[in-house]
Each structure stands twice: as structure tokens, then as C-alpha cells.
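1. need coordinates for the below:
(chains A, B, C and D)
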2 protein chains.
Amino acid sequence: MSKEQPTPTLQDVATAAKVSTATVSRCLNFPDQVKEKTRTKVLKAIKMLSYSPNFGARAMASRRTETIGAIIPTMENAIFARGLQAFQDELHLHGFTMLVASTSYREDIEEEQIRALVGRGADALLLIGHARSPDIYRFLEAQAVPALVTWAFDTSLSRPSIGFDNQKAMCRMAKKVIDLGHRNLALVSAETILNDRAKARQLGIEDAMVAANFCAKTLHVVKTTYGIEEGATAFEQVMKAAPQTTAVFCGNDVLAVGALRRARELGFKVPQDVSIIGFDDIELAEIAYPALTTVHVPHREMGRRAAEALIKLLNKGTQIEAVELEASLVFRDTLAPARN
Amino acid sequence: MSKEQPTPTLQDVATAAKVSTATVSRCLNFPDQVKEKTRTKVLKAIKMLSYSPNFGARAMASRRTETIGAIIPTMENAIFARGLQAFQDELHLHGFTMLVASTSYREDIEEEQIRALVGRGADALLLIGHARSPDIYRFLEAQAVPALVTWAFDTSLSRPSIGFDNQKAMCRMAKKVIDLGHRNLALVSAETILNDRAKARQLGIEDAMVAANFCAKTLHVVKTTYGIEEGATAFEQVMKAAPQTTAVFCGNDVLAVGALRRARELGFKVPQDVSIIGFDDIELAEIAYPALTTVHVPHREMGRRAAEALIKLLNKGTQIEAVELEASLVFRDTLAPARN
DNA sequence: TAATAAAATGCAAGAGCTTACATTTCTATT
DNA sequence: AATAGAAATGTAAGCTCTTGCATTTTATTA
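-> Below you'll find the model as predicted:
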């Protein structure tokens, strides 16, 4: 049992170094405002005591935390990981810290996490997608915490976003698919109520169908939750309910990989019998066999730009300007002309 | 330009509800200590003002944050993600918040992140692996922040850990490989200096070799950094330098998937020409083609148990007891008897 | 109804830091 | 050597909460 020694404070350091707390504080925050000799003395005391500033106190006193919170639906898969890593790297470069929280795609948890992060003094927030209750936006406004939306791009909303147009991107992909002769289309999608990206992707397919004079209603949609196994099950449902389907879009690569697997297990040849199209272009897509045709999302770029914008806003007050990035189509091996 | 309205404080709520700050505070922290009627009043004021407690102030005053920090090498891949998600889920169940930071496998960044999290008032820390400078352990002790090590298990250290024995697990796998007639073994590994898991895995293979009366020095080791592409390159190096190799162990699945890909690209048949063995059993392993033979790590269980132990420690002072979990061998399609 | 105990609330002292302003110590100039 | 001005340091107020203790209100019992 170690005796409960209280953790050292600024005051302790000041005493040990025989200076005032102000000097120690400046030593930490504005090193060049204090004389070399004093600084050495103070630094030594800090090391000796293993002192580490109390963040809460600092935040309270300075009204600034240099912390940016990121709230993502899930950490389990790589969908958000890469963009987040880029975001974090950029923040780190500028002395900011990133705090991550995940919501499991649940709105109530998201709200909770937003509050937690704001309460923890996040200077700004990174959010995924636009869809959430107005209450939350109101709350953020009341707390004067700027929030930036990524993974989506929509100028019709007043909120700035840095991302790409999910609908447009998916529409382009769907057009290609239709060009390849596919007429019986299906979509395995996440629930679209609180997931505007999923909804936009569905709309994109429908746009392409309408443009090709199909009835958008013939798109066979199966909704499911997130996961490889879920994708597999959904694929099976699709083929059971609509056996004439020749192309199955998936709302993301994780679902697509599941679909792909189940297709194989059920004896479908991909892409000869059925084409499968993903979205995101995460590592899984390339590793999958056959390699997945998908829509490439510029995760890294997005993360980096988001960080930049937020830092500029925080440091110089520069308003965030919306940035639309381009998602590109990646044709690999799971898309082929429709069988006839 | 919205006029800079200061964010509301406890005091503001108290004023609005015509009670004292103490009552508001109790309303938030010990709701049943305040009369129903008062509580309603206060809650209304809170909602009206969009009040959210200032975490820093609370932490300072109560000397408790209900926050646990997790510091992992990388978020980019699924290796730590699943365990972390389980950790987070369990914490959430008990009202704790998890804060994640990543280090890119760099010791200096790890130290920085540990300090950041401790400074932010983390009540405890989750760390990966044992290997780090004694300074850091000293620092944590000075700050009285308990730290739990996972992804490793080693009773010879005084620090408690909840994880599995990397060396033993890899040794078992290596024995199987040797049993299949492989004599020319290679290992694609992460740098082992600051990565005790990587080192333990290497030692495991060597143990098995010694047990089979091979010279451990014949293990052809190529060190590389983390990533699929890196794994691919390393594999190529191995086969160039030691073409007689029939089995390539990889320090983790990510490297293995890269190796697997390059093997195919170079015209090696896997597993007929060369066997490839991974470690971790993340999703990628199953998706890879051929599906990867690997060592399954009980990520979820590990995360959950770690959370449990930490919560017990924090809530009831129960000392953490080390838990050794079992890693199991998963034989899929990349391992076959050695060609002769 | 008075007396007592229990419950609810209020008061005010911190918790560890930053920073405006005051004071002291240097440096450079004459 | 004296002195103005700059640089370094110190003083103390204030940031927002929690909580021990004091006080008031409510409930209970004789």
C-alpha cells in the first residue's frame, strides 16, 4: 500500500523552484517569457515532482482546451478509422488533442457523447453526417461550440460540411451499372432514418434509374444493421425475394463483403451471376475476393481538411468554408455486364 | 455574428430556478437528495438554458472524472478496435466514459498521450503491452493513476495485466507448423524494441524450433513497420533472401494479408508453395483469400474484462487481479504441409 | 400542539490553474 | 553613475463546480 500522496500541483512546483506560481505557469505556456536560468530551475522541479498540469483547472482558467472531439458511429471497422487517423495527425501537428467517442449508430448515445465531449471542454466537434435532432444543434449553439460535419456534403443546409456528395457519387456508379445492362437492381442499406449518408446513397441509385427511364420503385431495398454477417443475411434475403436481381448495391463495404461471402456460399458466381457493389473503399474492399468494385471516399483528405478548417476557425476565427471532395469509382472484380 | 453569450453556469441555473448552487449541484449528482418539486424546477431551468456542467470544474471539485483513458498504437486497423469497442461498451454500462488516443507505435507520442489523458483527469488508463520507459510508470504512480496492461500477459512483471501469453500462443502455432514438416521458417515482424508483443511472438517461434531441435537462429526474420503494403514488401524480401522458405509467420494479420497478396502477385501458390500464418484473427483474416490461418485473440473478452477490473478498482478499491485468457489457433486455408 | 428528528436547502471554502496588473530586476544609454 | 525602458517576476482575483457544516423546512410522535 503506497501512502496516498496527493498529486503535485503548480504550487508545489513553485515552492520547490522557489518562484511564484505565475512563473511556473508561464514557463509552461510561454517559455520565452521567462529567463533561461529560471526556466531550467522550474523544469527541474517539474521533473523531480513528476508534475503534470491539471487539465480541468487549466481549461477553466484559460477558457480554452486545445481539444477537438470527434464523434463517430463505430470504431469497429475501418470506415471511419482512416479519416479519423488523418484528422488526428493533422490536429497533433498543431498542438491539438483529439478525443473520440462512438455511438453505435444510436442517436441517444450520440447526444450523450456530444454532451460529454462538450462538457469536457472540447473547443470544437467533428460530426458525421447532418441528420440529428435540432435540439442538439441548439445545444451546441448555446455552448458556442462549433461543429463541422463530414462524410457528407450538402449546401442546402446552413451548416458547413467538408465531404462529398453521397448521392451524386452513388448515382454515377449506378449509371455505370445500368450501362452494363443491369435492369434488376437491389440495395442492401443501413437504416436511413438517422443516417443521411445511407439515404443519399439510395437516392443516388434511384436518380440513375429515373434517368434511365426505370421505375425507381423497382429498386429492391433491404435494410439491415451494420456488420459483415448482417450483409450476408441481407444478401440472402434479396436473392430470395427477388431472384432475378443481377446487381446488388451495398450501402458500405462491410455489408458488401458480407454479401460477397454469402453469394459464394450460396453458389452464385460473382460477378458472372450477380454483381456486387460496395461503398467507401476501405482496405477490406481490396482484400476481398473477388476484389470489390466500390466508390472510393477520400477519407484521408477529408480528415485532414476538416482538421485544418477547425484549427483555422479556432486559432484565427476564419469561418469554415464548405468543401466538396470528389469520390471516385473504383472498378475491381465484382462488377460485370448483366447476364441475360 | 452571434453576440458572444457566455455559456451558462451552475450559478445561472441556480438563479433561474431561485435556489442555491448547491441544490442545483445535488440535483445533478444526487437527485434523490432533493425534493421532487425543486428538482422539476431546476431541471426546467437547466433545459431552458441548455446548461451543461463544466467538466473541468467538476473534476477539480470532486477529484473524480469517471473517465478512463485508452492508449492504443493505432486506430487504422481493426487489431485494437474490437477490443476497444468491448471495453467502451462495458464502461458505458457503468457510467464511465472512454477517451481514446493513439500513438502510431511511437514511444514519445505515447508518453505525450499518457500525460494528456492523465492531465485530463482520467481516473485510470488502459495500456497495450508492458514495454515502456520506467519514467512513465513512475509518472503514473506519482499521479496515482492506476494503469492496466492488456494484449499481453506476464506474471513476472509486478504490473497486473489482462491478456494472453503471446509467446506461448505463437509457440503452439509454430509447433503445428513444424509438425507439418516445415523446416525453413521465416518471420515478418514489427520492430521488437518497444513492442513486447512482437518480441514475445518471435520468442514463441524460437521456442518451438528449439523444442524440435532446430537452431533458433535459422529463423529468418524481417522487421518492418505496420501496414498491408509493408507486409507485402517484407514478404518479397524474405523470399529473395531465403528462397527455400516454406512457411512465413507474420507478427499480425495486417502484415499477413500483405504477404499473402504479394505471394499471389509473385506467383507463389498459397499454401502449396508457401504457408502464411497471421496473428490476431481480425476480420481481414477471414475475408482474405485464401482465408488466413492465424492465432485468435479473444479481443472482446479482453476488453470487457479489462473494463470490469478497472471499474471494480475505481468503485470499490478491489485490486486488479491478473487474468490470463486463452488464445486459440484458427486453421484456415493458408497453412499446409511443407512441399518437399 | 410542542418537541424532536429527519429531510431539504443554503452558505462559503476550496480544487489548480491563468492572467491583468503591480512590482522588481535587468540592460542600455547618456 | 544615474536613469528610462524593457524584461522578468510576483500578487491576487477569478474560472465553475462540490461538499462539509449550518440553517431552515417538513414530518413524526407524544
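2. from here on, contacts and neighbour counts on C-alpha atoms
-> Fine.
3. scan chain A for its longest helix.
-> helix A:299-316 (DSSP state H).
4. that one: which residues count as buried?
-> Of all the residues in helix A:299-316, those buried under the rule 16 or more other Cα atoms under 10 Å in any protein chain shown are A:299-311, A:313-314.
5. what's the most distant pair in those residues?
-> For those, with distances taken as Cα to Cα, the pair at the greatest spread is A:His299 and A:Leu314 (22.5 Å).
6. near the closest residue to DNA strand D within the stretch 101-250 of chain A, how many other residues are there?
-> Using Cα to the nearest atom of the strand, the point where the stretch 101-250 of chain A gets nearest to DNA strand D is A:Gly119, with a distance of 8.1 Å. For A:Gly119, the neighbour count with other Cα atoms under 10 Å in any protein chain shown is 18.
7. surely it touches B:Ser52?
-> Yes - with contact defined as Cα atoms under 8 Å, A:Gly119 counts as touching B:Ser52 (6.3 Å).
8. please, which helix or strand holds A:Ile44?
-> Wrong residue type there; residue A:44 is Lys, not Ile. Taking DSSP states H and E as the definition, A:Lys44 sits inside helix A:36-49.
9. could you say what helices and strands that helix packs with?
-> Under the contact criterion of 3 or more Cα pairs under 8 Å, 6 or more residues apart in numbering or on different chains; DSSP states H and E, helix A:36-49 touches helix A:10-17, helix A:21-29.
10. next helix or strand past the longest helix of chain A?
-> strand A:323-325.
11. now stretch A:16-28: average pLDDT?
-> For stretch A:16-28, mean pLDDT is 94.
12. that one near chain B anywhere?
-> No - under the criterion of Cα under 8 Å from any Cα of the partner chain, stretch A:16-28 makes no contact with chain B; the nearest approach is 13.7 Å.
13. can I get that stretch in PDB, CA atoms only?
-> Extracted in PDB, the C-alpha atoms of stretch A:16-28 (Å, rounded to 0.1, in the frame of the first residue of the first chain):
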ATOM      1  CA  ALA A  16      10.200  23.600  -4.900                       C
ATOM      2  CA  ALA A  17      11.700  26.000  -7.500                       C
ATOM      3  CA  LYS A  18      11.400  29.000  -5.200                       C
ATOM      4  CA  VAL A  19       9.400  31.100  -7.600                       C
ATOM      5  CA  SER A  20       5.800  32.100  -7.900                       C
ATOM      6  CA  THR A  21       3.000  30.000  -9.500                       C
ATOM      7  CA  ALA A  22       2.700  32.600 -12.200                       C
ATOM      8  CA  THR A  23       6.300  32.000 -13.300                       C
ATOM      9  CA  VAL A  24       5.800  28.200 -13.400                       C
ATOM     10  CA  SER A  25       2.600  28.700 -15.400                       C
ATOM     11  CA  ARG A  26       4.400  31.000 -17.900                       C
ATOM     12  CA  CYS A  27       7.300  28.500 -18.000                       C
ATOM     13  CA  LEU A  28       4.800  26.000 -19.300                       C
END
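14. does the helix holding A:Lys44 reach DNA strand C?
-> No - against DNA strand C, helix A:36-49 shows no contacts by Cα under 7 Å from any atom of the strand, the least distance being 10.4 Å.
15. can you list the buried residues in that helix?
-> Neighbour count says helix A:36-49 has A:Thr38, A:Arg39, A:Lys41, A:Val42, A:Leu43, A:Ala45, A:Ile46, A:Leu49 buried, by 16+ other Cα under 10 Å.
16. distance between the helix or strand hosting A:Phe139 and the chain's centre?
-> Element membership of A:Phe139 [criterion: DSSP H and E] is helix A:134-142. Its chain's C-alpha centre and that of helix A:134-142 lie 20 Å apart, by Cα atoms, centre = their mean, to the nearest Å.
17. past that helix, which element shows up next along the chain?
-> Counting by DSSP H and E, what follows helix A:134-142 is strand A:147-150.
18. in its sheet, what does the helix or strand that comes right after that following strand sit against?
-> Next in sequence after strand A:147-150, counting helices and strands by DSSP H and E, comes strand A:161-164. Strand A:161-164 has its sheet partners listed here by DSSP bridges as strand A:147-150 (parallel), strand A:323-325 (parallel).
19. chain center to the helix or strand just after strand A:161-164: distance?
-> Reading on from strand A:161-164 to the C-terminus, the next helix or strand found by DSSP H and E is helix A:166-179. Put simply, helix A:166-179 sits 22 Å off its chain's centre (Cα atoms, centre = their mean).
20. elements contacting the helix or strand that helix A:166-179 is followed by?
-> For helix A:166-179, the following helix or strand on the C-terminal side (DSSP H and E) is strand A:185-190. Packing contacts for strand A:185-190, counted by 3+ Cα pairs under 8 Å, 6+ apart, involve helix A:196-211, strand A:220-224, helix A:228-241, strand A:247-250.
21. need phi/psi at the residue most central in space within chain A.
-> With distances taken as Cα atoms, centre = their mean, the residue of chain A nearest its centroid is A:Phe80 (4.2 Å). Dihedral angles of A:Phe80 (phi, psi; degrees, to the nearest 10) stand at phi -100, psi -20.
22. distance check, it against DNA strand D.
-> Distance of A:Phe80 to DNA strand D, computed by Cα to the nearest atom of the strand, to the nearest Å: 32 Å.
23. could I have the helix holding A:Phe139 exported to PDB, CA atoms only?
-> Extracted C-alpha coordinates of helix A:134-142, given in PDB (Å, rounded to 0.1, in the frame of the first residue of the first chain):
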ATOM      1  CA  PRO A 134     -32.400  20.200 -33.900                       C
ATOM      2  CA  ASP A 135     -32.100  20.100 -30.100                       C
ATOM      3  CA  ILE A 136     -28.500  19.100 -30.400                       C
ATOM      4  CA  TYR A 137     -27.700  21.800 -32.800                       C
ATOM      5  CA  ARG A 138     -29.400  24.300 -30.400                       C
ATOM      6  CA  PHE A 139     -27.300  22.900 -27.600                       C
ATOM      7  CA  LEU A 140     -24.100  23.300 -29.400                       C
ATOM      8  CA  GLU A 141     -25.000  26.800 -30.300                       C
ATOM      9  CA  ALA A 142     -25.900  27.600 -26.700                       C
END
